[in-house]
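Undergrad: Let me see the structure of the following:
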Amino acid sequence: MAKVKLTVTESHCRSGYFKSGDTFIVEDLCPPLCHELWNVAYPYVFALQNGGTLDAGEGKARTFTCRCPDECRVVLSGEVVE
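TA: Numbers count the residues shown, from 1 in each chain. Just a heads-up that it's a prediction; the model follows:
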């Protein structure tokens, strides 16, 4: 199973959980993300861990960007790391 690196690229988290530049490596356990943000990121992480590629504009990529459902206060990017 592939590892996925998650990076917080922008943060205005009202709880102060995340800061820009925070990184997490996802292997087989959920990283220390709030439930709301993990709920958004998990489908992408699952696809990448299992060899999938995601739509990226006109092409496909093994990366993604998602936003917190709380008014997009946190932006998270993910990528497969070998």
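
Undergrad: from here on, contacts and neighbour counts on C-alpha atoms
TA: Will do.

Undergrad: what about Ile25, how many residues close to it?
TA: Residues contacting Ile25 under the criterion other C-alpha atoms under 10 Å number 17.

Undergrad: In this structure Leu76 contacts Pro69, no?
TA: No: counting by C-alpha atoms under 8 Å, Leu76 does not reach Pro69; the two are 11.5 Å apart.

Undergrad: So the two - more neighbours on which side?
TA: Remark: of Leu76 and Pro69, Leu76 carries more neighbours, 24 against 13, as counted by other C-alpha under 10 Å.

Undergrad: Tell me the gap between the helix or strand in which that one is found and the middle of its chain.
TA: Assessed by DSSP states H and E, Leu76 sits inside strand 74-81. Distance of strand 74-81 from the chain centroid (C-alpha atoms, centre = their mean, to the nearest Å) equals 4 Å.

Undergrad: buried ones in that strand?
TA: Buried residues in strand 74-81, defined by neighbour count with 16 or more other C-alpha atoms under 10 Å: 74-80.

Undergrad: go on, stretch 45-54?
TA: 45-46, 48-49, 53.
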